[in-house]
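Q: Everything below, folded, please.
(4 chains)
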There are 4 protein chains.
Amino acid sequence: MAGNSFGQALRITTAGESHGPANVVILDGVPPGLELSEDDLLPDLARRRPGQSKIVTQRQEPDRPRILSGVFEGKTTGTSIAILIENVDQRSRDYSDIAEKYRPGHADFTFDAKYGFRDYRGGGRSSARETGVRVAAGAVAKKLLAEEGVRVLGWVCQVGDLVAEIDDPSAVTLEQVEATPVRCPDRAVAERMIERIEAVRAERDSIGGVAEIVASGVPAGWGEPVFDKLKADFGKALFSLPAVLGVEYGAGFGVATARGSENNDPFVLDDGSITTRGNRHGGILGGISTGLPIVLRCAVKPTSSIPQAQPTVTRTGEETTISTKGRHDPCLLPRFVPMAEAMVAIVLADHMLRQRATRGGPR
Amino acid sequence: MAGNSFGQALRITTAGESHGPANVVILDGVPPGLELSEDDLLPDLARRRPGQSKIVTQRQEPDRPRILSGVFEGKTTGTSIAILIENVDQRSRDYSDIAEKYRPGHADFTFDAKYGFRDYRGGGRSSARETGVRVAAGAVAKKLLAEEGVRVLGWVCQVGDLVAEIDDPSAVTLEQVEATPVRCPDRAVAERMIERIEAVRAERDSIGGVAEIVASGVPAGWGEPVFDKLKADFGKALFSLPAVLGVEYGAGFGVATARGSENNDPFVLDDGSITTRGNRHGGILGGISTGLPIVLRCAVKPTSSIPQAQPTVTRTGEETTISTKGRHDPCLLPRFVPMAEAMVAIVLADHMLRQRATRGGPR
Amino acid sequence: MAGNSFGQALRITTAGESHGPANVVILDGVPPGLELSEDDLLPDLARRRPGQSKIVTQRQEPDRPRILSGVFEGKTTGTSIAILIENVDQRSRDYSDIAEKYRPGHADFTFDAKYGFRDYRGGGRSSARETGVRVAAGAVAKKLLAEEGVRVLGWVCQVGDLVAEIDDPSAVTLEQVEATPVRCPDRAVAERMIERIEAVRAERDSIGGVAEIVASGVPAGWGEPVFDKLKADFGKALFSLPAVLGVEYGAGFGVATARGSENNDPFVLDDGSITTRGNRHGGILGGISTGLPIVLRCAVKPTSSIPQAQPTVTRTGEETTISTKGRHDPCLLPRFVPMAEAMVAIVLADHMLRQRATRGGPR
Amino acid sequence: MAGNSFGQALRITTAGESHGPANVVILDGVPPGLELSEDDLLPDLARRRPGQSKIVTQRQEPDRPRILSGVFEGKTTGTSIAILIENVDQRSRDYSDIAEKYRPGHADFTFDAKYGFRDYRGGGRSSARETGVRVAAGAVAKKLLAEEGVRVLGWVCQVGDLVAEIDDPSAVTLEQVEATPVRCPDRAVAERMIERIEAVRAERDSIGGVAEIVASGVPAGWGEPVFDKLKADFGKALFSLPAVLGVEYGAGFGVATARGSENNDPFVLDDGSITTRGNRHGGILGGISTGLPIVLRCAVKPTSSIPQAQPTVTRTGEETTISTKGRHDPCLLPRFVPMAEAMVAIVLADHMLRQRATRGGPR
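A: So this is what the prediction gives:
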């Protein structure tokens, strides 16, 4: 049943497999008048792209986006925007291993269980290849948000047991994030993360971590009560990304050991405006934005594809081993950052438009 | 903009405020022929109800559900099912404090920011009162799932720094959970949790914790690729509950420090069937069920309403203090369990029906 | 699968059977600050109510609506609004005939085919009883529209071969419509329609007709391209009403015999504003409002329930006859008018809010 | 706000403008295992294509579809299917006329009113060019339906005052329809229609008509009560097509002059099965299929673009005239047939899958 769409007022719908002809996203609901060109999509696509640094997979995917509709004379028209990314690296491969053996940690087995068979080429629809068009859509959402002063930025805050120290998440800059290929703004920890990732790769293994995403400038009042709470839509958005096994915001799992008297951020006046002292609530109360920075974190598992042999079974139920060929990321986190930013931006742009329907507003 | 519905093939839509006349849920998509009566809803409503034990709020809400439609001669008809719960405890109160002062940790401020004003009586739509009808809807979903051999059960696994030890989550029974008012199946830890909660209440404070929910018997193949992954819909469902700041499944945030070689659950044969050794993947791969137990955990914050005075501001921007009157839970966890079970059951029943649309099947 | 909701930005969800305990509607998306009370719902409910005049069914259904949520101190809060109408006339009846025999023109057979059985009491969910809560929801939509200067009004323009003559549909007043129980503003034709309906009833038969609905004051620019064209949503809304077999707008089926040179309404200037000469386009071009009155017509079949014996079969496949007992409308049209107005108003209010999401605006 | 999607269990989402780079559709919800190739899409695209005969527009658009995803080794995989049609005939044109002057009967004015500006090249998103990908999607839906024995076929039944005589709509064959370029299976009337269309073109004018679409083999039980009635979804689907001003099914507007005693189709036994004598109900009762042929008709206006000069105004409010250049259809009906078939097929395939979610079933 239909499940390839996300969002309400701003809705994205995607299609495409890892080694099929192309991936495509349709953005529906982008208001008219936004300046937009293919160049606007390139920076985030470059951050997601394989081969961008020595600590990510060395596959080459140029990821040239092509806007097929919804833009006229450099501006969005209000009609649906289709963005196409052709899969150029489609050389003929030997898929016999992956066709017959279930890769541990992958969706090969569950796709077969669900559909009866699967497009096994490179993981088909279950491959992270599908996130390319999400990142392109996220770039459009970021432009929409920028018009209202909202900025979305993410980074790697943990790789294995290496944890970055970041005093003020809302003060981190894109430059700090992009200063190292691991996308951790704590420079000292970043160097150790890179070493760790290289060591893990040398061991023919992979490693997990945590990414943090912050949205600054969101005015109070976005989000809906009950089911479409901001935190609920962020939860869905981030868990929809491959390899995410945990999502938290604000104090997150830390609330388990907290007392109410310390966990409640008191309301205070700041220059005549109502705000809170502290941000354990992560910018969201009752599912609606408070005006403070929105702070989210995702736990990302170690890459399932590893070069060492792992026990598994075949489709027909015989025990065997598999050692994943090809070029895989020893750590997903650096390339995960733009994907998570994209999903956060799409959720926020959706709720920005929804709030206009509720109370009117700009444009 | 419309945001009070959840689900696709099985969709629930709710309405109601804390101190308004009633709460109501419409369930849309329940197949015909399911035996259903109001009595089926009572057990879970009793588990959610205030006043059920000494460690929860002492408010009295009888929560008598009334099925208004969709059931004929004891069976669902396939048409929409409305369930009504009247709010009987609507005595006239003095709301002047809550009307003017923003309660820390609550949605008072954000509702005002969003809508311009709010129904301040008992928190209005932002009160956890709205979860009563969710639990009623969840009881219907559980009955649907039971027909296919699926069971959803939750419990409290952490209060403050007290952590239960549970060897096999899928072996926990409802009786073990209900054996103590704190709903922790580890009896020894449960006793200490109860003491801790009573101590916290005596200190006029509150405390957080973690709940675990397990779905057993889910066949492989439920869930959709990309956006409507099972984990994404669970994420949305659980984050839509009040007070949840974190959600994880399987190894959860533990994946951050794991290596791929240890995190991948190898596929193995068990009596001729394909399964995995270990369940760090929490019963979900690629967003689709593997047939193993689905294991989820939620971090729940300490109750925001505490009897001690907290600094805050008024609507009109004056600094003041507020000490919440009324009868509140010193720890939300025991009553949270049936709410979380309900949302998990609703997600699973939705995907059960979606899989029928994809590949046909029972009934 | 879920199908009891209608609309996007403003969404209604309904439940209830003819002879069950109650019918309920949840309106989701109504903006905050609209003055609303149960009294606002009464006028249109009175126009839909059985027993209102000698030419409609003489059943008595008081249709007292009860607002359960979403209104505080006389104003909508922005949260979901539930409206309940209890079915008071639920006396025990002998349903053996209707339980076993398929009433011609009714949904008895198709409900059995779809669900395997049905709630046969008074038609269950297929009864026009469900339109009561639609009319209540429509009254809320009309209030929303009135704030932007939009008025929705309908009337009976044809009964059998009696056709009203109405020079300017946008000049018809509610008083003219309500001047006669047949709701036809052409007074002379109205009298003949009433005679015709009484004659048909005396013959133990029923008769069909056409209703016209006009929306005035809709600004240019509401509606979406492609699938959610205004005309498409009106089509869905009006065909969702019982007994409707045809819908047209503007010149309608008359376009079949027209030439382009006569069918195109030329754009002209009127006091500096762009409008058209003529309104064969019915206020809609490309699915989007032009600012001219929106003019719609529905063909409504003669009541299927007639007192004379009709051949049919039983559930178990035996030929028999049925003569519908009870009190039925000899002509559905007079009571159809408020139902159609309600659906037109709901569509317009939905698109009013959608246009705010697209381009911002009032409130 | 998002409005470029249609359907629930089977959902299509489209993008593309008349003279932009390409049009694209994503089909979401097609079950796995359906044999599908680009060749399957060609026959219906050829029936929709400009330049196919002397009585349609002489524009040349090859309409080569490219399946980008969702098909593997000749079969659908269950994941989303993207189909791309490049716009090859994108030569640089002089759009100054259409950019400044509002074409009567077109959406130029309403797009400007809605969005503030528009892509004026060839009508942009409001052009019937967007129906190409609908027809491609409809071809997929037809294949799905064929597996369950359902056939959808349409034809032209009226051009101007020329009306075809068709005794048994469910007996008409594709060959009969395609025997003449006007797609009217009544051969004698077809010849006169062709003459009429040629005469109209010679007069530099256009002419309207009516198309009829029949779905045979639909089992009883498809469709939902209340809002998602089959007739409601057909209404939305057909009114979403350009140029449609009226839709009716079964006896249609003819019910207005009918008595209940003649309009009710009595239930009878046919070889032990329950059916009806007569099909004034058009295969639908209570919004749910009865098993009889579903019979629908659409009124299609005369082409708005005509070569003769028509009065209009400019964007800036000056009176002028416009005579549409380019190659336009003197009568839309022949090319309308495959578009209407496509939308009917998409609605039926959607409800086929929805019924599986309700009661299980094949595959």
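Q: Can you give me the buried ones in the helix or strand bottoming out on mean pLDDT in chain A?
A: Between all helices and strands in chain A, the lowest mean by mean pLDDT, DSSP states H and E belongs to helix A:96-100, at a mean of 89. Judged by neighbour count using 16 or more other C-beta atoms under 10 Å in any protein chain shown, the buried positions of helix A:96-100 are A:98, A:100. To be clear about C-beta, it is placed using only N, CA and C from the backbone, and glycine gets the same treatment.
Q: helices and strands around it, which ones?
A: Applying 3 or more C-beta pairs under 8 Å, 6 or more residues apart in numbering or on different chains; DSSP states H and E, one finds that helix A:96-100 contacts no other helix or strand.
Q: Enumerate every residue touching the residue nearest to residue A:192 when sequence neighbours are not counted.
A: Using C-beta to C-beta, 6 or more residues apart in numbering or on different chains and skipping residues adjacent in sequence, the residue nearest residue A:192 is residue A:162, 5.4 Å away. Residue A:162 makes contact with A:189, A:192, A:193, A:196, according to C-beta atoms under 8 Å, 6 or more residues apart in numbering or on different chains.
Q: List the contacts of the helix or strand containing the first one.
A: In the assignment (DSSP states H and E), residue A:189 maps to helix A:187-202. Where contact means C-beta under 8 Å, 6+ apart, the residues beyond helix A:187-202 that reach it are A:54-55, A:156, A:159-160, A:162-165, A:176, A:179-182, A:184, A:206-207, A:330-331, B:259.
Q: How far off centre is stretch A:2-15?
A: 15 Å (C-alpha atoms, centre = their mean, to the nearest Å).
Q: Oh, that last question was meant for stretch A:337-351, not what I typed.
A: Using C-alpha atoms, centre = their mean, the offset of stretch A:337-351 from its chain centre is 7 Å.
Q: quick revisit: what's next to the least confident helix or strand of chain A, contact-wise?
A: By C-beta under 8 Å, 6+ apart, the residues outside helix A:96-100 that reach it are A:108, A:120, A:121, A:122, A:123, A:314, A:315, A:316, A:322, A:325.
Q: and the angle from whichever helix in chain A runs longest to helix A:187-202?
A: Under DSSP state H, the helix in chain A containing the largest number of residues is helix A:333-359. On the basis of axes from the mean of the first three to the mean of the last three C-alpha atoms, to 10 degrees, helix A:333-359 is oriented at 120 degrees to helix A:187-202.
Q: I'd like to know which elements helix A:333-359 is packed against.
A: By 3+ C-beta pairs under 8 Å, 6+ apart, helix A:333-359 packs against helix A:42-48, helix A:131-146, strand A:151-159, strand A:209-216, helix A:230-239, strand A:294-300, helix B:108-115, helix C:333-359.
Q: Listing request: residues of the stretch 1-150 of chain A with sub-threshold pLDDT.
A: A:89-92 (pLDDT under 70).
Q: For it, which segments are assigned as strands?
A: With DSSP state E, counting those that start in this stretch as the criterion, the stretch 1-150 of chain A has strands at A:5-6, A:11-16, A:22-28, A:65-67, A:71-72, A:75-76, A:81-86.
Q: could I get those strands as TSV with distance to chain C?
A: Shown next, in TSV, are the strands of the stretch 1-150 of chain A (distance: least, C-beta to the nearest C-beta, whole Å):
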stretch	distance to chain C
strand A:5-6	13
strand A:11-16	10
strand A:22-28	9
strand A:65-67	18
strand A:71-72	14
strand A:75-76	11
strand A:81-86	13
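Q: Turn those into CSV, columns for distance to chain B and mean neighbour count.
A: Shown next, in CSV, are the strands of the stretch 1-150 of chain A (distance: least, C-beta to the nearest C-beta, whole Å; neighbours: other C-beta atoms under 10 Å in any protein chain shown):
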stretch, distance to chain B, mean neighbour count
strand A:5-6, 4, 23
strand A:11-16, 6, 29
strand A:22-28, 11, 28
strand A:65-67, 18, 20
strand A:71-72, 24, 22
strand A:75-76, 20, 20
strand A:81-86, 15, 25
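Q: Quick one: closest of those strands to residue C:283.
A: strand A:22-28 (25.1 Å; C-beta to C-beta).
Q: Which stretch among the helices and strands packed on helix A:333-359 approaches residue C:7 most closely?
A: helix C:333-359 (4.5 Å).
Q: No more questions from me, cheers.
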